[in-house]
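Colleague: Structure for the following, please:
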Amino acid sequence: MTLGLPVGAVMNCADNSGAKNLYIISVKGIHGRLNRLPAAGVGDMVMATVKKGKPELRKKVMPAVVIRQRKPWRRRDGVFLYFEDNAGVIVNPKGEMKGSAITGPVGKECADLWPRIASSSGTVEREDQVYMAKLAEQAERYDEMVSYMKDVAKLGVELTVEERNLLSVAYKNVIGARRASWRIISSIEQKEENKGNETQVTKIKAYRQKVEAELSEVCSDILAVLDEHLIPSAEAGESKVFYYKMKGDYHRYLAEFASGERRKEAATQAHEAYKHATDIAQTDLAPTHPIRLGLALNFSVFYYEILNSPDRACHLAKQAFDDAIAELDTLSEESYKDSTLIMQLLRDNLTLWTSDLQDEGEKTEEPKVEAETEEPK
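Modeller: You can find the predicted model right below:
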C-alpha cells in the first residue's frame, strides 16, 4: 500500500527551477481547501520550502504539486524521513511550472496531470491573495494590500467586481495619502516664499520633491498593471470603462505636480484614457450607471484643474447630470443611492465652478470633488 506524503515529508523537485528537494509544510486539496487527510497524493497541491537547490530559492515558501508518489521510507521508530522517487513540481499562480522543462519519465506523468494542475493552482493562489488583501484593508496596511492585489491582477484573467474594488481601494489609499501630503507641503512652501524665508523654502522644496517621487512611483506602478494586465484581460464594457477611467485618473495625478513636458505628456495621456472610457461608456453603460457618472465627474475635474477649461468642465458635468436625470426613473434600486450621490457631486461642482466663472475665474483653494474609482458595494 502506498501511503500519502505528510507534512514534514521531503520529495524530489522534478522541474528545472533550480530546486532539488522540497520540504512539505502544509497540504492543500486541489481546490485550495485544507486536505482532511494529513498527507498529499498525486495531483494534490502542497506548500513547500526548498531544502536543497539554488541559494535564492532556499527557505522560500512556494506552491508545488505532487506528480509522483511511491516508495515511502521510514525510520525504525516509524517517523517518515524521506520518500525515495517521490517527485513534485513548483508552480506559479498561472498554473505553469516555474522551471520551463521537466526531465526523465516524470514528463508523461506531469503532462497527464497538467490540465488539472493548471486549472486549480491559479484559483488557490487567487483566493489566498484576495483574502490577504481584505485582511490588509481591515488592518489599514494599504501598501501590502496593493501588493496582494497586484499579484491577482497579474494572473491574466478578468477580475471580479469585488477584486476590481479591492485593487482600486488599495491604490486609492496609497496615492490619496501622498496627494494630501503634497497639497499641505505645497501650501506651506507658498506661504514661506511669500514671507521670503529662503532657507525654509529650500528644505520644504526638497521634502516636496521626495513626496513627488513617491507619487510618481505609485502612479507608474498602477499604470503598468493597467496597460500590461488589466486592460488586455478586460472583456466586459463595464470593466473597460472602469480601467480606462483609472488610467485617466492616475495620469491626472501625475499632471497635478509635474511641470513642463512631463505635465503636458501626463495631461495628454489622461485625456486619451478618459475619452476612450467615455466612448465605451456611451455605448455600453446607461447614463445612470455609477461608473459612467463617476467617469464624467472625474473627466470634468480634469478639464477644470489640469486643462484650466471651466467652460468644458461645466458642459461635461451638466450633460452627464441632465442625461441621468432624464432616465432616473429607470434606475435600479441597488444602484440608486450610489448614482444619486455622484449626481449630487456633479451638481456641487457645477455650482462651485459657475461661481468661480462669475468671479472672473478666481479659483478657490478647496480641491474639487471627484469620484472614488471603486464601484459601489
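
Colleague: can you pull the contacts of C219?
Modeller: Shown in contact with C219 (Cβ atoms under 8 Å, 6 or more residues apart in numbering): I175, Y250, H251, Y253, L254. All C-beta atoms are positioned from the backbone trio N, CA, C, and that covers glycine.

Colleague: doesn't L215 make contact with the fourth one?
Modeller: Yes - in this structure, Y253 sits in contact with L215. The criterion is Cβ atoms under 8 Å, and the distance is 6.6 Å.

Colleague: Need the overlap of contacts for these two.
Modeller: Taking Cβ under 8 Å, 6+ apart as the contact rule, Y253 and L215 both touch I175, R179.

Colleague: C314 falls within a strand, correct?
Modeller: No - under DSSP: H, G, I helix; E, B strand; the rest coil, C314 falls outside any strand and is assigned helix.

Colleague: Spell out the residue ranges of the helices in this structure.
Modeller: With helices called from DSSP state H, the chain shows them at 106-138, 142-153, 161-195, 198-225, 231-233, 237-257, 260-284, 290-305, 310-326, 333-358.

Colleague: nearest to K51, of those?
Modeller: K51 lies closest to helix 106-138 among the helices of the chain, at 18.4 Å (Cβ to Cβ).

Colleague: average pLDDT for that closest one?
Modeller: In this model, helix 106-138 carries a mean pLDDT of 67.

Colleague: residues in contact with the nearest residue to E158 once chain neighbours are set aside?
Modeller: Leaving out its chain neighbours, the residue that sits closest to E158 by Cβ to Cβ, 6 or more residues apart in numbering is S233, at 5.1 Å. Going by Cβ under 8 Å, 6+ apart, S233 touches G156, V157, E158, L159.

Colleague: Equivalent analysis for Q282, please.
Modeller: By Cβ under 8 Å, 6+ apart, the neighbours of Q282 are R292.

Colleague: How many neighbouring residues does N308 have?
Modeller: 11 (other Cβ atoms under 10 Å).

Colleague: Over to Y131?
Modeller: 11.

Colleague: Residue numbering should commence at 33 henceforth.
Modeller: Okay, using 33 as the starting number, the last item reads as Y163.

Colleague: returning to that earlier point: pLDDT at the residue nearest to E190, what is it?
Modeller: Predicted confidence (pLDDT) for S265: 91.

Colleague: What is the burial count for the residue nearest to S341 when sequence neighbours are not counted?
Modeller: Nearest residue to S341, sequence neighbours excluded (Cβ to Cβ, 6+ apart): Y335, at 4.7 Å. The tally of other residues near Y335 (other Cβ under 10 Å) stands at 21.

Colleague: buried sites along stretch 287-304?
Modeller: Under the neighbour-count criterion of 16 or more other Cβ atoms under 10 Å, stretch 287-304 has A287, E288, F289, A290, A298, A299, Q301, A302, H303 buried.

Colleague: From G326, how far out is the fifth one?
Modeller: The reference is to A298. 20 Å (Cβ to Cβ, to the nearest Å).

Colleague: same check, this time on the fourth one
Modeller: With distances defined as Cβ to Cβ, the gap from A290 to G326 amounts to 24 Å.
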